[in-house]
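In: Predicted model follows, preceded by the sequence.
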Amino acid sequence: MADPARARKIADRIKVIVAEYLEFRLKDERLGFVTITDARVTGDLQQASVFYTVFGSNEDRQATADVLEANKGRIRSAVGKGIGIRLTPSIEFIADALPEGAAHLEDLVAQTRARDEELARAAANAKPAGEADPYRKPVDRSEGSDDADSARDDAEDNAEVDADVDAR
């Protein structure tokens, strides 16, 4: 089993070699606007998975997949010459689902923004359900009030508090 760092370096080198081969050496009209996004190599350096994306329609994607499959042997030969290791890994091309995932996330973000704007418009015209200031304020007792009146008010306040506690 190879060192993981070595496998990563070989995968990076394979990615570059395949991209250069597709750009400069492969002349096929069916090849679309393809981008090599990633390459991964197994630990024993026998298998290489090359991930790619194609800009365009589904027909362009299918045509590019056909071109890559048809030229797999030539690309593998170029990789073998470029990396210079004893055994050239077999290559598998995998269409990367990155654009579809990104488009789905963009749709979700757009829906969220629309919902946030709708809630902001609703909140702009909203009024509180209760009073404008829902917190209790201490009662301002005038200094000339009668002690009997204040005792009666205190008893009423205590009864309200007891009723609130019993209700819970």
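Out: Yes, it's here. Quick caveat: nothing in here was measured; it's all calculated off a predicted structure. Numbering: from 1, shown residues only.
In: For Asp96, list the residues it contacts.
Out: Residues in contact with Asp96 (Cβ atoms under 8 Å, 6 or more residues apart in numbering) are 37-38, 51-53. Glycine gets a C-beta too; all of them are placed from N, C-alpha and C.
In: Most neighbours among these, which one?
Out: When neighbours are taken as other Cβ atoms under 10 Å, the top entry among the contacts of Asp96 is Tyr52 (24 neighbours).
In: what bridges to that residue?
Out: In this entry, Tyr52 is beta-bridged to Ile36, Ala95, by DSSP bridges.
In: Does it touch Leu68 like I think?
Out: Yes. With contact defined as Cβ atoms under 8 Å, Tyr52 reaches Leu68; the gap is 7.2 Å.
In: Let me know the pLDDT of Glu20.
Out: pLDDT, Glu20: 91.
In: list the residues that contact both of Tyr52 and Leu68?
Out: With Cβ under 8 Å, 6+ apart as the test, Tyr52 and Leu68 both reach 34, 93.
In: What strand or helix carries Gly101?
Out: Assessed by DSSP states H and E, Gly101 sits inside helix 98-124.
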